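Peer 1: Predicted structure and sequence below. I'll ask about it afterward.
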Protein chains: 2
Amino acid sequence: MKYGIVAFPSKKIQDLANTYRKRYDPHYALITPHITLKDAFDADESQMDQISSSLQQVASQFAPLQIHASRISSFYPTTNTIFFRVDPTPQLENIQKMIQEKINFGAPKHVFVPHITIAQKLSASEHDDVHGQLRMVGVDEKDVIDRFHLLYQLEDGSWTTYETYKLTGAE
Amino acid sequence: MKYGIVAFPSKKIQDLANTYRKRYDPHYALITPHITLKDAFDADESQMDQISSSLQQVASQFAPLQIHASRISSFYPTTNTIFFRVDPTPQLENIQKMIQEKINFGAPKHVFVPHITIAQKLSASEHDDVHGQLRMVGVDEKDVIDRFHLLYQLEDGSWTTYETYKLTGAE
């Protein structure tokens, strides 16, 4: 089964992201707006207890995540993905790193750039148009996220929540 | 904010339900297949701690839910909704009743009929066609659901998970 680990920002930020995703993100219907903490990885259902208890440990160590979505950016030319850039912080880097260490399935595909995707799989010219427009509009939203979630993927690509982990630590 | 309480069945049952929902359920993209334990209700974010601790109490009292989706049925003529009928059990009735008592927001709109929706908002003739076909196909899936979830709704109608409650009791 395919699993992923994400943090959902506040409803306000999700609603804002969805105003763009509705038009520009073909994954719009598969999952609500999120910050990916660990990309999709394969694991067996029998490993879930161990994975879940590792994530519980992570959650008990970290405090709620202080985030600031400060501008609209793009992964171009790597991909045509446009996103709310979330300012990197030691806290975000440390939690992502600890999750990666504890859940030793699937190497990270790329350097961790905290973000909330708002557009992807656009053609090159669409990407340039949309990025040009949205970069001017920008974003400036702060939020505190007090939990993260382990999800699993259905055959149609959509994601269901398996479990919630509340951030109750001090880091 | 609008909240709802659901139990997600196994991936296998969700995948099966989605083969129908994809074609026949306009809510397909808003939420993955589920059994509703409490219909959407309005609550203030300030009430979430109290609601969450009530749900924790419920979860600590009940054992994992034994379910059997035993046939395909319809709410016609009340609505044109077609669903996997989940056999009612004292356990399902008791947990639904206890959730309703503890979370005293929004009276239940109808008698509790445990089900997983696979089609809705069809025209009368579509409903009759689809129901006629699916009733013959039927469903026969047993499952044990060891958790339920509190969700909240975004402005576009989609649902994000707020919290997971594991069923750890004996009832």
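Peer 2: Yep, it's here.
Peer 1: quick one, what contacts whichever residue of chain A sits closest to chain B?
Peer 2: In chain A, the residue that lies nearest chain B is A:Ala29 (3.3 Å; C-beta to the nearest C-beta). For every residue, glycine as well, the C-beta is placed using N, CA and C. Going by C-beta atoms under 8 Å, 6 or more residues apart in numbering or on different chains, A:Ala29 touches A:158, B:28-30, B:158.
Peer 1: In ChimeraX, select just the buried ones from those.
Peer 2: To isolate the buried ones among the contacts of A:Ala29 in ChimeraX, judged by 16 or more other C-beta atoms under 10 Å in any protein chain shown, type:
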select /A:158 /B:28,29,158
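Peer 1: Using JSON lines, lay out the contacts of A:Ala29 together with secondary structure, distance to B:Ser123 and pLDDT.
Peer 2: Shown next, in JSON lines, are these (DSSP: H, G, I helix; E, B strand; the rest coil; distance: C-beta to C-beta, whole Å; pLDDT from 0 to 100):
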{"residue": "A:Ser158", "secondary structure": "coil", "distance to B:Ser123": "26", "pLDDT": "97"}
{"residue": "B:Tyr28", "secondary structure": "coil", "distance to B:Ser123": "17", "pLDDT": "94"}
{"residue": "B:Ala29", "secondary structure": "coil", "distance to B:Ser123": "20", "pLDDT": "94"}
{"residue": "B:Leu30", "secondary structure": "coil", "distance to B:Ser123": "20", "pLDDT": "97"}
{"residue": "B:Ser158", "secondary structure": "coil", "distance to B:Ser123": "25", "pLDDT": "97"}
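Peer 1: Out of the contacts of A:Ala29, flag the one nearest to A:Lys102.
Peer 2: Among those, A:Ser158 lies closest to A:Lys102 (C-beta to C-beta), at 26.0 Å.
Peer 1: quick one: contacts for that closest one?
Peer 2: By C-beta under 8 Å, 6+ apart, the contact list for A:Ser158 reads A:29-31, B:18, B:29, B:32.
Peer 1: Show me which residues of chain A sit near chain B.
Peer 2: Contact residues (C-beta under 8 Å from any C-beta of the partner chain) of chain A with chain B: A:1, A:8, A:11, A:14-15, A:18, A:22, A:28-30, A:32, A:147, A:149, A:152, A:154-156, A:158-164, A:166.
Peer 1: Can you tell me which of those residues are buried?
Peer 2: Buried members of these, counted by 16+ other C-beta under 10 Å: A:8, A:11, A:14, A:18, A:28-29, A:32, A:147, A:149, A:152, A:154, A:156, A:158-164.
Peer 1: quick revisit: in helices, which of the residues of chain A next to chain B fall?
Peer 2: Among those, DSSP state H puts A:11, A:14-15, A:18, A:22 in helices.
Peer 1: Just send these back as CSV, with distance to A:Ile82 and pLDDT too.
Peer 2: What follows is those, written out as CSV (distance: C-beta to C-beta, whole Å; pLDDT from 0 to 100):
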residue, distance to A:Ile82, pLDDT
A:Lys11, 21, 97
A:Gln14, 16, 98
A:Asp15, 18, 98
A:Asn18, 14, 98
A:Lys22, 14, 96
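Peer 1: Let me have these in a markdown table, extended by distance to B:Phe62.
Peer 2: Shown next, in a markdown table, are those (distance: C-beta to C-beta, whole Å):
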| residue | distance to B:Phe62 |
| --- | --- |
| A:Lys11 | 29 |
| A:Gln14 | 30 |
| A:Asp15 | 34 |
| A:Asn18 | 34 |
| A:Lys22 | 38 |
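Peer 1: nearest to B:Ile95, of the residues you listed?
Peer 2: Set against B:Ile95, the nearest of those by C-beta to C-beta is A:Lys11 (27.0 Å).
Peer 1: That closest one contacts B:Leu151, correct?
Peer 2: No. A:Lys11 sits out of contact with B:Leu151 when judged by C-beta atoms under 8 Å, with a separation of 11.5 Å.
Peer 1: Name the helix or strand for A:Val130, please.
Peer 2: helix A:124-137 (DSSP states H and E).
Peer 1: Partner strands of the following helix or strand past that helix, with direction?
Peer 2: Per DSSP H and E, helix A:124-137 leads on to strand A:141-145 as the next helix or strand towards the C-terminus. Strand A:141-145 pairs in its sheet with strand A:65-74 (antiparallel), by DSSP bridges.
Peer 1: re earlier: show me what the helix holding A:Val130 packs onto, helices and strands only.
Peer 2: helix A:11-24, strand A:65-74, strand A:82-86, strand A:115-119 (3 or more C-beta pairs under 8 Å, 6 or more residues apart in numbering or on different chains; DSSP states H and E).
Peer 1: Alpha carbons of stretch A:36-56, as PDB, please.
Peer 2: C-alpha atoms of stretch A:36-56 as PDB (Å, rounded to 0.1, in the frame of the first residue of the first chain):
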ATOM      1  CA  THR A  36       4.200  17.100   2.300                       C
ATOM      2  CA  LEU A  37       6.500  16.000   5.100                       C
ATOM      3  CA  LYS A  38       7.300  12.700   3.400                       C
ATOM      4  CA  ASP A  39       6.600  11.700  -0.200                       C
ATOM      5  CA  ALA A  40       4.600   8.700  -1.100                       C
ATOM      6  CA  PHE A  41       6.300   5.400   0.000                       C
ATOM      7  CA  ASP A  42       5.400   1.800  -0.200                       C
ATOM      8  CA  ALA A  43       4.800  -0.200   3.000                       C
ATOM      9  CA  ASP A  44       3.000  -3.300   4.100                       C
ATOM     10  CA  GLU A  45       0.000  -3.100   6.300                       C
ATOM     11  CA  SER A  46       1.900  -5.300   8.800                       C
ATOM     12  CA  GLN A  47       4.400  -2.500   9.200                       C
ATOM     13  CA  MET A  48       1.900   0.100  10.200                       C
ATOM     14  CA  ASP A  49       2.100  -0.400  13.900                       C
ATOM     15  CA  GLN A  50       5.800   0.200  13.900                       C
ATOM     16  CA  ILE A  51       5.500   3.200  11.500                       C
ATOM     17  CA  SER A  52       2.700   4.700  13.600                       C
ATOM     18  CA  SER A  53       4.600   4.400  16.900                       C
ATOM     19  CA  SER A  54       7.700   6.000  15.300                       C
ATOM     20  CA  LEU A  55       5.500   8.900  14.100                       C
ATOM     21  CA  GLN A  56       4.000   9.200  17.600                       C
END
